[in-house]
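In: Just to be clear, the model below is a prediction. Sequence and coordinates:
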2 protein chains.
Amino acid sequence: MDLEARLHADHGEELRLWLRMLTCTQLIEQRVRSRLREQFETTLPRFDLMAQLERVPQGLKMNELSRRLMVTGGNVTGITDQLEAEGMVQRVPVQGDRRALLIRLTSTGRKAFAEMAHQHEVWIAEALGGLSPREVDTLYTLLGKLKQHVARVQNESIGESA
Amino acid sequence: MDLEARLHADHGEELRLWLRMLTCTQLIEQRVRSRLREQFETTLPRFDLMAQLERVPQGLKMNELSRRLMVTGGNVTGITDQLEAEGMVQRVPVQGDRRALLIRLTSTGRKAFAEMAHQHEVWIAEALGGLSPREVDTLYTLLGKLKQHVARVQNESIGESA
DNA sequence: CATAGATAGTTTAGATGTCAATAATATATT
DNA sequence: AATATATTATTGACATCTAAACTATCTATG
């Protein structure tokens, strides 16, 4: 009973941290969403997809995009459809695999993204501006540790089920 | 140019931190979502709504729920509809204001939530288990600072536009 | 009291997200 | 070669989310 009470209390600390993490990310995300809409008439998922493509000039396959964005393939299909209709990206057949498609930024897309990316960086810097460089670094390090742990636990439980 | 380059680099630190925060929350959130679905056949938004109600036995008005969950009123209406259909919550008229409704957990809802909440706490503790108590505390403090800053900037920009 | 504006909740249209099923193609195995 | 299995992307059904319009009600002010 005593043990369980202490256990409960410990979990509480972690739960509080988790809820605070969620609050922070949601507050910032909502700011970014509304500014993308107001200033660029676009949305966060579209911006995120273009951001992935911008790093890889030759383009990315749908499944690779899906993995990087951490969303399902069906979702990527939908967002790609829209960006393609807007002329921001194009689907390019892959030599040697007729199932696959490379998604690439068009030159229009590259230009549009460059503007947005610059503003985006400013917004994020604004949002995180209350922290000193040292604090930013500490957070980055601790979240790196968290990320590794979560990724590891994820793989383990997949390992168990296999 | 030099200045701008340095500015760019500084923003980069913050951008990296932001992307890492997003990765962490998404990894953990997806674990929680899939477990809520597998083990309790429910969803995260429903769980979150019930979690808010659980703290306030007399119930919460729609607009208060909307504020606490940081989502739009229309969204709360939809999730409440479902939870009501499932018998987890009920809408109760408010004395003296025929516009307003109090949303309350039913006893069924309270029981269902208690089980889920316990498991949820364990999942979160698992996910954050790679951090020492001291690290949890540091993160909590730094994110508290971030939250305050973001909330303040939010209000300022609302103030500017008014 | 009358009416203007504010507030509470819902509805609608549309984007984003999931999961599961499907179609097309690739790969492996016999 | 023939067949089975795996992989790639799309589709369909549905839940979630937003923004904006709408209905009903309340409140303040003349």
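Out: That came in fine, so what should we check first?

In: how close does the most centrally placed residue in chain A get to B:L49?
Out: Chain A has A:L69 as the residue nearest its centroid, 5.4 Å off, counting by CA atoms, centre = their mean. Using CB to CB, to the nearest Å, A:L69 is found at 27 Å from B:L49. All C-beta spots, glycine's among them, are computed from the backbone N, C-alpha and C.

In: Same question for the longest strand along chain A: list its buried residues.
Out: When chain A is parsed with DSSP state E, its longest strand is strand A:97-105. By 16 or more other CB atoms under 10 Å in any protein chain shown, the buried positions in strand A:97-105 come out as A:L101, A:L102, A:I103, A:R104, A:L105.

In: Tell me how chain A divides into domains.
Out: A:2-130, A:133-162 (automatic domain parsing).

In: so which of those domains gets nearest DNA strand C?
Out: Closest approach to DNA strand C among these (CB to the nearest atom of the strand): domain A:2-130, 3.1 Å.

In: starting at the chain centroid, how far to that closest one?
Out: Relative to the centre of its chain, domain A:2-130 is centred 4 Å away, using CA atoms, centre = their mean, to the nearest Å.

In: To what extent is A:V76 buried, counted in neighbours?
Out: By the criterion of other CB atoms under 10 Å in any protein chain shown, A:V76 has 23 neighbours.

In: Wasn't it part of a helix?
Out: Yes. Assessed with DSSP: H, G, I helix; E, B strand; the rest coil, A:V76 lies in a helix.

In: so what's it up against?
Out: Neighbouring residues of A:V76 by CB atoms under 8 Å, 6 or more residues apart in numbering or on different chains: A:L49, A:M62, A:L65, A:S66, A:L69.

In: Can you tell me which of those is closest to chain B?
Out: A:L69 (9.5 Å; CB to the nearest CB).

In: how about JSON lines for the domains of chain A, with distance to B:S132 and mean pLDDT added?
Out: Putting the domains of chain A into JSON lines (distance: least, CB to CB, whole Å; pLDDT from 0 to 100) gives the following:
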{"stretch": "domain A:2-130", "distance to B:S132": "11", "mean pLDDT": "91"}
{"stretch": "domain A:133-162", "distance to B:S132": "9", "mean pLDDT": "79"}
